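Asker: here is the input, now give the coordinates:
(chains A, B, C and D)
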There are 2 protein chains.
Amino acid sequence: MREHVTPERRRGTVRDLRRDNRSVLLWSLYFDQPCTRQELSQATGLSPASVSNVIRELIEEGLVAEAGAIDSDGGRPRVLLRMNRDHGYVIGVDVGETRVRVELFDLAMEERARADYPLDPREHGVTVIVDRILAGLSAVLADAGVDSSAVLGVGVGVPGVVEQGDEVLVHGQTYGWEAVPLERLLRAGTDLPLHIDNGAKTMGRAEMWFGAGRGAQHAVVCLIGSGVGATIIAHGRTHRGSTSSAGEWGHTTIMVGGRECRCGAKGCLEAYVGAEAVLDRYGRALPGQDEESALAALLDAATAGEEEAGRVLEETALYLGAGLADLINLFNPERIILGGWAGLLLGERLLPAIRDAARRHSLAHAFSETSIELGRLGPEAVALGAATLPIERFLNGASLSSADRRRSAG
Amino acid sequence: MREHVTPERRRGTVRDLRRDNRSVLLWSLYFDQPCTRQELSQATGLSPASVSNVIRELIEEGLVAEAGAIDSDGGRPRVLLRMNRDHGYVIGVDVGETRVRVELFDLAMEERARADYPLDPREHGVTVIVDRILAGLSAVLADAGVDSSAVLGVGVGVPGVVEQGDEVLVHGQTYGWEAVPLERLLRAGTDLPLHIDNGAKTMGRAEMWFGAGRGAQHAVVCLIGSGVGATIIAHGRTHRGSTSSAGEWGHTTIMVGGRECRCGAKGCLEAYVGAEAVLDRYGRALPGQDEESALAALLDAATAGEEEAGRVLEETALYLGAGLADLINLFNPERIILGGWAGLLLGERLLPAIRDAARRHSLAHAFSETSIELGRLGPEAVALGAATLPIERFLNGASLSSADRRRSAG
DNA sequence: CGGGGTTAAATCACGTCATTAATTAAGTCC
DNA sequence: GGACTTAATTAATGACGTGATTTAACCCCG
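Answerer: Model prediction:
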């Protein structure tokens, strides 16, 4: 009861205050390394004394280390601080359509080890995936020589809707998964803290943390591949909605009664601008085994002056622009990032046309305040983004499971 | 700089902690009056001792009063607490197309006085509006016998986009207002704290606080009148976007290349389901001076079996359902509330058809978790919702301007 | 090379806060 | 009217952030 009091976390005691301040300092330091105590004090609004105290704790605990100093001209030099990148590690898992990839990162998000497991396209059974992931975890730990007690957590990006409840459930249309309790299944094989999310959302996170989204408070990361999805960021946080299925931009209706979509509805955006749909709208045969090379061929054909290809792309820009305009009108984001392999391919060529279509379909005021850009990270970033899930938990105050570190000397 | 540290308000000292706890208690009490200290302790997670302390302060300051007790069977009876509804007052202003309405409420949102000023439809000049508002403020204060020092603040709902910046600017398409610094203009005539927002948004607030939206964390309040808009609530808070123009649902494209909208674009939702658009799509003459009676007549005609009217309404339900489905897919709200005079009129008759169309255009999972309901408050609620703006500020810890009340006896 | 000047960081003293435990208040029931 | 219950207040305790003060670290200049 009492919906108005939603303590995302217990808050009210003087101790929670410390935890929060600690967290604020960690976030600030994480994204602005190296920096000095003074800068932290300014950035967070905490007094220099408090910064000193908390930082001393963090250094004692090994999360933070001093790293040189800034030369002064008269006066004690400021000491630079940075996160101790070896204090802990995180693992990101990308469960894709054709492979499972497991990557181990240090706190600076430097890759320390990687394991790839190709998937037979006909074999997306749950047990196979779980096996591959668990094998990957062991492999990267062994490879990097990292003990599992030093791992802060594992983030897993999977295709399909991920329902975050008491029990995390995965509904994977493409995989034929229905309410798969992936977390529970993985739990049988590992003790590491697990975070599971939709792969498109983890990729969106990667763009927000390290790519084109850095610094934006309100943004939408659009992912166009064979299908179409989006990550919505409001006030710097991913909007999940009430059952974590928010962001299904691809099934937004842009043409009532229009083309049939694989979701069963008619006129979905995905049925016009998804890679599969674009190729289908073109209709003619194209060289290339897979969608990726076929789409590239379509772009080439248009460049070569092939009329029909040009027309299809022109229309794609129109539809896509209208879809982006919906986001602009509804969310009023400061930035829209176009990603996904098809999004990048199309965007590279069509961005001006897309922007123009978006302008025509959105209100002038909101449009003028929104920038539309291409993603910077490419589709490889799913695992990276997944790995930011445990990082976030860490920055918010979780420590390594084993040692419950308290102040050592009183 | 340092976007990650967004102290919506200074937080970090032990004193801020108290302010926060105080605020949490006020919110809890406000929406669950009367209630006991014990209940508050449970609801907020604060210890009974802290609740006692803070409540004692609040009683001393006159914000809260004891009001009877609950009978016990053995044991000291629990004392009931409620807000002191006369501790302060708020004023809500509804600047509509045809009138300016000013209402004064006590803390229990009981109306204490009202002033109405009809507007000549040809006269929407800024000075006229400002004059009417200021006259209304004086009138309701005099009428209710309330001193302006007892007023916590004034909320103003206006048509058009309200840009919340250092200086609040109003862009009113319908009024022909461009970047009107309404706050500054009003400031010349009153010292009361001012809050200005879009009228559709204040109405949405009213539904969320007192109507069909109570208790929802993620919701969308859709307002259909002559035009179409929406208020998006995420995590219990209105989403404004980066320049406070979020929620322009009416100009979402549901038909690329479709009907021309008054915004200049083609295929906007508003061009299909706004009252003006519905009547226009019907085409034939209808009895009634204004849109409201014309739309009612259209509904009557359909009831009477007039085929074309039935067809227009059927299509309206289809378009509207598709529009709602977009919201469901993008936001995954737990509740959608259909309001506005036209929304209520249409919804009363078409809700099943609208729901069905929404189902067909949204993903099954998200749809099944969303309820679509009619608003409960009617279009009169703009002023009520505007008045919740200063209430919110008050519950968050602002006190009356004059007396900076501190603990009296140490 | 050593003191004066300057700035950064650590320490100290203080006031505030929420919590637990103990105490007081206000009832019921036999 | 005394034993029992439960609510609310008070007291004791520990944790915290802050401003003031002190210590540290480095420059420059003579």
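
Asker: so where's chain A shaky on pLDDT?
Answerer: Applying pLDDT under 70 to chain A picks out residues A:1-10, A:400-410.

Asker: helices along that one, start to end?
Answerer: Remark: helices assigned in chain A by DSSP state H are A:14-30, A:37-44, A:48-60, A:126-144, A:182-187, A:199-210, A:270-273, A:275-282, A:291-303, A:307-331, A:341-361, A:364-368, A:382-395.

Asker: could the ones you listed go into JSON lines alongside mean neighbour count and distance to chain B?
Answerer: All C-beta spots, glycine's among them, are computed from the backbone N, C-alpha and C. Formatted as JSON lines, those follow (neighbours: other C-beta atoms under 10 Å in any protein chain shown; distance: least, C-beta to the nearest C-beta, whole Å):
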{"stretch": "helix A:14-30", "mean neighbour count": "19", "distance to chain B": "5"}
{"stretch": "helix A:37-44", "mean neighbour count": "19", "distance to chain B": "4"}
{"stretch": "helix A:48-60", "mean neighbour count": "16", "distance to chain B": "8"}
{"stretch": "helix A:126-144", "mean neighbour count": "18", "distance to chain B": "19"}
{"stretch": "helix A:182-187", "mean neighbour count": "17", "distance to chain B": "16"}
{"stretch": "helix A:199-210", "mean neighbour count": "27", "distance to chain B": "10"}
{"stretch": "helix A:270-273", "mean neighbour count": "27", "distance to chain B": "8"}
{"stretch": "helix A:275-282", "mean neighbour count": "21", "distance to chain B": "13"}
{"stretch": "helix A:291-303", "mean neighbour count": "18", "distance to chain B": "20"}
{"stretch": "helix A:307-331", "mean neighbour count": "23", "distance to chain B": "4"}
{"stretch": "helix A:341-361", "mean neighbour count": "20", "distance to chain B": "5"}
{"stretch": "helix A:364-368", "mean neighbour count": "17", "distance to chain B": "5"}
{"stretch": "helix A:382-395", "mean neighbour count": "26", "distance to chain B": "9"}
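
Asker: residue B:330 is nearest to which of these?
Answerer: helix A:307-331 (6.7 Å; C-beta to C-beta).

Asker: tilt between that closest one and helix B:307-331?
Answerer: Interaxial angle of helix A:307-331 relative to helix B:307-331 (axes from the mean of the first three to the mean of the last three C-alpha atoms, to 10 degrees): 80 degrees.

Asker: care to break chain A down by domain?
Answerer: A:14-83, A:89-203+A:383-395, A:214-376 (automatic domain parsing).

Asker: any chance of these in JSON lines, plus distance to DNA strand D?
Answerer: Formatted as JSON lines, those follow (distance: least, C-beta to the nearest atom of the strand, whole Å):
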{"stretch": "domain A:14-83", "distance to DNA strand D": "3"}
{"stretch": "domain A:89-203+A:383-395", "distance to DNA strand D": "16"}
{"stretch": "domain A:214-376", "distance to DNA strand D": "22"}
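
Asker: need those in CSV (columns: distance to residue B:228).
Answerer: Shown next, in CSV, are the domains of chain A (distance: least, C-beta to C-beta, whole Å):
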stretch, distance to residue B:228
domain A:14-83, 39
domain A:89-203+A:383-395, 29
domain A:214-376, 11
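
Asker: for residue B:324, which of those is the nearest?
Answerer: Nearest to residue B:324, of the domains of chain A and by C-beta to C-beta, is domain A:214-376 at 10.0 Å.

Asker: can you list the helices of chain A in TSV and add distance to DNA strand C?
Answerer: Formatted as TSV, the helices of chain A follow (distance: least, C-beta to the nearest atom of the strand, whole Å):
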stretch	distance to DNA strand C
helix A:14-30	5
helix A:37-44	4
helix A:48-60	3
helix A:126-144	32
helix A:182-187	31
helix A:199-210	27
helix A:270-273	49
helix A:275-282	52
helix A:291-303	51
helix A:307-331	36
helix A:341-361	43
helix A:364-368	40
helix A:382-395	21
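
Asker: before I go, just wanted to say thanks for your time.
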